[in-house]
Structures are given as C-alpha cells and as structure tokens.
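In: Need the 3D shape of this:
(chains A and B)
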Amino acid sequence: MNLHEYQSKELFRGAGIPVPPGEVASSVEEAVQAASRFSYPVVVKAQVLIGGRGKAGGVKVVRTPEELRREAGRILGMDIRGLTVKRILITPAADIEREYYAGLVLDRKSETPLLMVSPAGGIDIEEVARSTPETILRVPVDLRGLPAYRARAAARFLDKDPAIQKQIVPILIRLVRVYREQDASLAEINPLVVTPKGEVLALDAKIVLDDSALDRHPDTAAWRDLSAEDPDEVEARNKGLSYVKLDGSIGCVVNGAGLAMATMDLIQFHGGKPANFLDIGGSSNPEKVEAAMGILTRDGRVRAVLFNIFGGITRCDDVARGLLSALDRMKVRVPIVIRLTGTNEKEGREILGQRGLPALSDMDEAVRAVIARAAEAA
Amino acid sequence: MSVLIGRGTRVVVQGITGRDGSFHTQGMLDYGTKVVAGVTPGKRGERVHSVPVFDSVEEAVSKTGANCSVIYVPAALAQDAIYEAVDSGIPLVVCISEGIPVRDMVEVAAYMRGRHARLVGPNCPGLISPGQSKVGIMPGSIVKPGKVGVVSRSGTLTYEVVWQLTRAGLGQSTCIGIGGDPIVGTRFADMLALYEQDPSTSAIVLIGEIGGSDEEDAALLIKRSITKPVVAFVAGQTAPPGKRMGHAGAIVSGGSGTAQEKMARFQEAGIPVAKTPSEIPGLIASALKPGRKSKLTLLRSKRGSKPGRLAGSAKSKRRGGSAKRSVRTTSRKRPTAKAGRRRGR
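Out: Model (predicted):
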C-alpha cells in the first residue's frame, strides 16, 4: 500500500525525523486557509500515488494568495499519468543549500533491508544507480537496526560538515526504525536537504507498506485513499482477486499468479494483446467469478474472455458452476473461451456442456481460439 | 531416489486441525505420504484422518520420529511455526502459508543462517517425488515417476508444465515449488545443486518469473557448475513495470527483474529458454536423447561442440526457431572452446 507524501511525513514526524510543517487541502479555499498559517512563499504539491508529479506540473511555488488560488485550482483535478489529483499539500517553501537521498528497501539477495544514501539528492535514485552508481553508499541493516557507527559513516559520506553530520545520524537511525516498525517495503527521504541556516529537513517523503502486514497496523491501513486508486483494482482487491489492468483486448481469468502471467504471455506470443492480469486464486466461489467477469466486461476494449483453469486444489466442476451462475446473474456480451484441465475436469465439462459451452483442455489451443473469437467480435 | 523427500519421509502437519491442514493431510495420505503426526496447540489427543495430534512439534518428533514438517497455519502464526519446527530438529520445513509479512521472513532468514534445517517456501505448493511422497498441495494425478527435476516459483504454472511433461511421457524425479515471496528459504541455486547430485535426475526444468534476481544467479551457477541439461521458462514478459503480479515477489521495480533480462541471462549461459510452456517437453526430450553428451562432457571435449547437436537441444517445434537457434549456439560455443583449450593443453 502506497502512502501519500503527507501521510509518510506524518509517520516521519512521529518518529522524530524533522519534516517541514504542512497542511492538506482538497479545495482552493482550504488551500488558502492552510497557507495563511505559514508565510509565503509556499509550495503546492499534488498528492497522487504515482511518481513524476513534478515533471507533470504538480508541484508549484507560489508567492501570493492570488497565485496560490490559481495554482491550487489548476493542480486540484489535474490528471497525472491517469490519476486525478484530489488533494494538495501546502507547505512553506524551504531554502535549499544542499540536497541528499536516503532510502530503505528490501534487498532480496541478502534477505535484509538495505539503507542507501547518496549526495545526489532530489532525483530518481534508480536513475542515479544507473548513471553514477559510485555516488550511492549501501548499508545493510541487520536485526540490530542501524548501529550509530554505521549511521555516522553514512552521514560522513553525505556531508563534510560535522555539525550537519550530527543531525543526519539520528535521522538515518529513525528512518530505519520507521521502516521496521511500520512494516514498510520502502521508506524514502528524497530530498533530505540542508538549509542555509544549517538545518537538515526531510523535504519529501515516500513510504510503501507491506500489504501482508497491514493487519498489524490498523491505524495506518485506515489511511488508504481509495479515491487515489484505480476503481477496478480497488473492487478486485475487495473481492479477493488479484487484478492488474493492461491495455489489450483479451480478458483473462486464471487460477494462480504464475499461470496467469504465462497466459498473458501466451496471448501475446500468438499475436493477441492481453487486457489484464487476473488471478482468482484457489477459490471457485461464483461471486468471485462474477466479480471478475464484471470488471473485465465493463472495460469496453475487451473483445473476448479466456478462462484458463488448471484444477489442482481448485476443482474444475466448482469453477464451471461458478461461471454458469455468474452468467445467469449478468449479461455477458463478449464471447467466452474456457480451458479446463485437472481435478474434476470431466464433471466440469459436463456442467458446461449442458449449457452448450464447450471447454478446451489445451492452453495453446484455448489461447488461439480466444484470439480468433476476439478478432471476429472486433 | 529423489530429492529432499522420498519413501523415508515422515511428515508432521502443523495446523492439522485447520481447514487447509486437514484437507491437504487427506490428500497427502491418499498419495501414500507417511503423515505420522499433526500439531495444533491445545488439541493434543485428537485425531485427524486417524493421524494423532500433539500440542508441540517437539512432542510429535519424539513420539513419531517425524523428519519433515509441513505448515498450513495462518500467515500471522507462520513465523512461530517455522521457529518451532527448526528448534525441534526437523531437517526439512515446508511452509505453504501465504501472506507472511516480509519483516517476519527477514527475521526467519537471519535465524536460519548457519543452521542445518532447510526451509521450503513460504507461499509455495510444496514438493512431490512421484510414486514416493508428496508434501504440500500439488495434485498427485498429474505427475509420473521419471528423470526430470522440476523447480518453480509458481503453483498452477508448475502443474501446467508437469502435466505437459507427463503427457509427453517425461516423468519426474522430484517437483518443487519454491514459492512466490521476495524471501524464500530454498532458491533456484539450492535446488539446482541438489538435482545435480541426485543420480535419479537427468534433466532439470526451471520455471522462473519476474522480480528479484534468482534466475540470473541460477544462470550463472548453471554455466559454472551444473552438468545436467537445464531448460528454462520465465513468466511475465507482458507484465507492466511497478505492478505486483499476484505473487508478493513478482514485481519489476526500477527496470530490474524483467522477464526479458532473465531470459537473456539464461541464453547467454547456453541454456535453452522455452518461449511457451508447451515447448518445454520437446526441449527436455531432445536434451535426454540417448547419445547426447552431458553439458560437462561437451564443455570438456575440444571438438564436442558441434553446433548442430547443441541446437538440437534448443530446437523449437514452433516457428522462428532457426534464427534464435544460431544465436544460442554461438553464445554457447564460446565458453565451450575456451574451457576446452584450458583443459586440453
């Protein structure tokens, strides 16, 4: 689960990491109100759960209330890479003397969190890793957290001034603590700035929480901003489906994530374009099948739907029943191609056969068939 | 013979009285697995499908001689279940549970370091050694005893591939799903080493997917020290970056972990990469053809690298085989010649 900048800063503030003050607004009036508590210039920052907002014009420094009205009005409601801006953060503009990067991710290879710091702050760390990898210091974090001596080494790597280093050390230690305590999979300060007055501040913040650990953090989990996510993906998650929207014309409903990916790949291999990734999981609950069909057929670009079911724990007859009851309850206008193999395959075929729905048993054959049906329907 | 599990495997089921634990205990018993004990704290003395239930793994081990644990407990309890199995001296711990927080697995990984126990999973379907033993949830009906070792990060995709192998008459020594999480106990490299040592395994199918770099590591390992033929497949070529594709570990982040990258690494290492699951049996069959020398033999012999022979192993039944084939052959030829020179003179 991705947190907004203002939410991430809230967690940082709670952990004792210095962040500039700020207020969230969802209307121009609120924005003006918020800004009246600070002194101009202030920064208007779009709160969207996607990167690249600066380049898209979603971050603006304003010097007067009039300018604020204009920019807040423009940014609220603007589209940033497919997401509509519904909230903005108003925060006093900070003078920046130097800017750094500090972030934590899971390093899968060493199976530990990894702290990365770089004096090349303010830009995408992946870009830094590609162009100037030598400017990134990587510090593995074990079960002890971040010992102060390692934090000191990282601080020395960032800044020559001992007075600044002294401020950076506790920030890094606390960043590591937030990452661990909040079950984050990413915690990032970019940029970490040094002001002309010699203060160190986390000017921007990004935290991604581990979805599997949300139960342990009900308060933070309640921050989920559904309005900032794709509605189909929200519905899918609520129904227990794993769904990712793509831009093709062939919908697919598959049991199992690996098989679902392989199905998308096979659609492309045979010359089609997959419309989505969708794993219905081990369950063959009709409601899940119905929800899946609902999401797929709502997408006007979907010309045909492929069911690719390999019964193991999932029983083919259950899926067949689920599909029929879903078809009874909703109008489906696109052609459906079904592939059933594995546990109770014969029973599943019989159930579908009574309704005149044939089921194939070979995955390649089914993919070729659905591509052909989609072409006819187009 | 087989890898990790076989006729001597005696299984204790952690979480045996739960819905999943009880269901899959029946499945394992039906397959002939020796399920000797179950554990659910507070349910000592009960029986599930006639398997005795104990309060602790330690007690189960001392009373029944269990040497393998399979875990079906809810994700929030899984870390403790793994610790309990390891601390009770179980050498092989298979964790089926899905949705374990990453932090819990970071701690488990640190605890396992330097200990002798092996963890398989979590978020995995377990293992099956056809005709001998099944630990986990793989359907027994699709496997058949034979010489192919299968290792995969997936569940149903593994079944798909295994079923296609079986239909093509290619039986398996052991099939294992190592799990789809970012941190898993057993990785591709571990399984490759085990299959390499196992006399009953003659060829290996490796099924990878997007995310992480275990496939890349596996490609390097195969090039350096695996002599048995390996055929690879990587799922997720059409996966968009930054999106998690079902499995917690299946995500392309910051441009790394793509299927294309992984396939390229395998090809560079001279490993045939199947473009679709249905190509796998053909690639394995030609790798197993009598008269085909093992990869090591080829590496060692100066003139052993006749392009045609190697190309045969990478032969595609489908279209577009020839161009790709010559690329693979040349990439493989180079290390071959070098190795030959070094050893030969």
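In: Tell me if stretch B:172-184 is near chain A.
Out: Yes - counting by C-beta under 8 Å from any C-beta of the partner chain, chain A has neighbours in stretch B:172-184: B:Gly180, B:Pro182, B:Ile183. Backbone N, C-alpha and C define where each C-beta goes, glycine included.
In: out of these, who's nearest A:Glu188?
Out: Closest approach between these and A:Glu188, by C-beta to C-beta: B:Pro182, at 17.6 Å.
In: Could you find the closest non-adjacent residue to that closest one?
Out: Sequence neighbours aside, B:Gly249 is the residue nearest to B:Pro182 in space, at 4.3 Å (criterion: C-beta to C-beta, 6 or more residues apart in numbering or on different chains).
In: roughly how far apart are that neighbour and A:Arg237?
Out: For B:Gly249, the distance to A:Arg237 (C-beta to C-beta, to the nearest Å) stands at 18 Å.
In: shouldn't B:Gly18 be in contact with B:Ile71?
Out: No - assessed by C-beta atoms under 8 Å, B:Gly18 is found out of contact with B:Ile71, at 10.5 Å.
In: Neighbour count: the two, which is higher?
Out: Per other C-beta atoms under 10 Å in any protein chain shown, whichever of B:Gly18 and B:Ile71 has more neighbours is B:Ile71, with 28 against 18.
In: per-residue confidence for that one?
Out: With respect to pLDDT, B:Ile71 has a value of 98.
In: Equivalent analysis for B:Ser225, please.
Out: The predicted local confidence for B:Ser225 is 94.
In: same deal with A:Lys55?
Out: 85.
In: tell me which residues of the helix or strand encompassing A:Glu29 are tucked away?
Out: Counting by DSSP states H and E, the element that carries A:Glu29 is helix A:28-36. Neighbour-count burial for helix A:28-36 flags A:Val28, A:Glu30, A:Ala31, A:Val32, A:Ala34, A:Ala35 (criterion: 16 or more other C-beta atoms under 10 Å in any protein chain shown).
In: Distance of the fifth one relative to chain B?
Out: Yep, that's A:Ala34 we're talking about. As judged by C-beta to the nearest C-beta, to the nearest Å, A:Ala34 and chain B stand 31 Å apart.
In: Kindly report the same for the second one.
Out: Shown here: A:Glu30 relative to chain B, a distance of 31 Å by C-beta to the nearest C-beta.
In: now do the last one
Out: Distance of A:Ala35 to chain B, given as C-beta to the nearest C-beta: 33 Å.
In: do the same with the fourth one
Out: Distance of A:Val32 to chain B, given as C-beta to the nearest C-beta: 35 Å.
In: Test my guess that that residue contacts A:Glu66.
Out: No - applying C-beta under 8 Å, one finds A:Val32 not in contact with A:Glu66, separated by 9.8 Å.
In: Please list the residues outside stretch A:205-220 that contact it.
Out: Contact partners of stretch A:205-220, identified using C-beta atoms under 8 Å, 6 or more residues apart in numbering or on different chains, comprise A:1-3, A:5, A:7-9, A:11-12, A:19, A:178, A:182-190, A:221, B:75-76, B:99-103, B:248.
In: With B:Val231 as the reference, measure out to the residue nearest in space to the middle of chain B.
Out: With distances taken as C-alpha atoms, centre = their mean, the residue of chain B nearest its centroid is B:Val151 (2.4 Å). Here the criterion is C-beta to C-beta. By it, B:Val151 lies 11 Å from B:Val231.
In: between these two, what contacts are shared?
Out: B:Ile204, B:Val205, B:Leu206.
In: Against which helices or strands is the longest helix belonging to chain A packed?
Out: In chain A, with assignment by DSSP state H, the single longest helix is helix A:162-181. Helix A:162-181 is packed against helix A:5-14, strand A:98-107, strand A:112-118, helix A:148-158, strand A:184-194, strand A:200-202, with contacts defined by 3 or more C-beta pairs under 8 Å, 6 or more residues apart in numbering or on different chains; DSSP states H and E.
In: Go again with 6 Å.
Out: helix A:148-158, strand A:184-194 (3 or more C-beta pairs under 6 Å, 6 or more residues apart in numbering or on different chains; DSSP states H and E).
In: Turn these into a markdown table, columns for mean pLDDT, mean neighbour count and distance to chain B.
Out: Formatted as a markdown table, the helices and strands packed on helix A:162-181 follow (pLDDT from 0 to 100; neighbours: other C-beta atoms under 10 Å in any protein chain shown; distance: least, C-beta to the nearest C-beta, whole Å):
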| stretch | mean pLDDT | mean neighbour count | distance to chain B |
| --- | --- | --- | --- |
| helix A:148-158 | 97 | 18 | 17 |
| strand A:184-194 | 96 | 25 | 6 |
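In: Tell me the residues on the stretch 1-150 of chain A that lie near chain B, please.
Out: Contact residues, the stretch 1-150 of chain A versus chain B (C-beta under 6 Å from any C-beta of the partner chain): A:Leu106, A:Arg108, A:Glu111, A:Glu126, A:Leu143.
In: Greatest separation within those residues: which pair is it?
Out: Once C-beta to C-beta is applied, those give A:Glu126 and A:Leu143 as the farthest pair, at 27.5 Å.
In: Between those two, which is the more surrounded one?
Out: Taking neighbours as other C-beta under 10 Å, A:Glu126 and A:Leu143 compare with A:Glu126 leading, 13 against 10.
In: OK, contacts around that one?
Out: With contact set as C-beta atoms under 6 Å, 6 or more residues apart in numbering or on different chains, A:Glu126 has these partners: B:Gly254.
In: Which secondary structure state does it sit in?
Out: In three-state terms, and counting by DSSP: H, G, I helix; E, B strand; the rest coil, A:Glu126 is helix.
In: got the residues of stretch B:172-184 next to chain A as a markdown table, with secondary structure and neighbour count columns?
Out: Output for those, formatted as a markdown table (DSSP: H, G, I helix; E, B strand; the rest coil; neighbours: other C-beta atoms under 10 Å in any protein chain shown):
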| residue | secondary structure | neighbour count |
| --- | --- | --- |
| B:Gly180 | coil | 27 |
| B:Pro182 | coil | 22 |
| B:Ile183 | coil | 25 |
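In: quick one, domains of chain A?
Out: Split into domains by automatic domain parsing, chain A comes to A:21-92, A:98-221, A:230-377.
In: deepest of the ones you listed, which one?
Out: For the domains of chain A, the largest average neighbour count (mean count of other C-beta atoms under 10 Å in any protein chain shown) is found in domain A:230-377, namely a mean of 20.
In: How about that domain and chain B, touching?
Out: Yes - remark: domain A:230-377 sits within contact range of chain B at A:242, A:244, A:255-259, A:261-262, A:264-266, A:268-269, A:274, A:277, A:279, A:310, A:312-313, A:364, by C-beta under 6 Å from any C-beta.
In: Span of that domain from start to end?
Out: 27 Å (C-alpha to C-alpha, to the nearest Å).
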